[in-house]
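# Mind looking at a prediction? Sequence and model below.
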Amino acid sequence: MRAAGGGGGDVDGGQGILEIKSVEVGVVVIKGLSSNYYLAINKKGDLYGAKDYVTDCNLKERIEENGYNTYASAEWRNRKRPMFVGLSANGKPMRGKKTRRKNTATHFLPIVV
């Protein structure tokens, strides 16, 4: 995640260390250690970097059958469907309304550093 002007940050799929912290059972927040921004999804399904912790930062974490993790907004849904964090093949964030749990673009493999 990299910072942008105006209090919000752009999200890109570049390399960096992310901290995943549990806030309640099954709900986590993800924070970029170098940027100090939280990963967030707004009501429209857009991924952005939030300087401060807000409810948009709460993500439901699920370990899938293939061993990868998916992260969906704990706050927002689109037509009763969860909106997932997803990155395209070139590292661009996908809009939450276009994501599905089975789509490999939404699968992440956390590793301990």
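On my side now, so go ahead. Numbering: from 1, shown residues only.
# so where do the strands sit in this protein?
In the chain, the strands defined using DSSP state E lie at 2-3, 8-10, 18-24, 27-32, 38-41, 47-50, 59-63, 69-78, 81-84.
# Enumerate the residue intervals of this structure where per-residue confidence is below the cut-off.
Residue ranges of the chain with pLDDT under 70: 1-14.
# if you set the cut-off to 80 instead, what comes out?
1-16, 113 (pLDDT under 80).
# Just want the most central residue of it.
Central residue check for the chain by Cα atoms, centre = their mean: the C-alpha nearest the mean position is that of residue 85, 4.2 Å away.
# For the closest residue to it other than its chain neighbours, name its beta-bridge partners.
Nearest residue to residue 85, sequence neighbours excluded (Cβ to Cβ, 6 or more residues apart in numbering): residue 71, at 4.4 Å. Just so you know, the C-beta spots here come from the backbone N, C-alpha and C atoms, and that holds for glycine as well. With DSSP bridges as the criterion, residue 71 is bridged to residue 61.
# Tell me how far the residue lying closest to residue 58 once chain neighbours are set aside lies from residue 34.
Excluding the flanking residues, the one nearest residue 58 by Cβ to Cβ, 6+ apart is residue 74, at 3.9 Å. Distance of residue 74 to residue 34, given as Cβ to Cβ, to the nearest Å: 25 Å.
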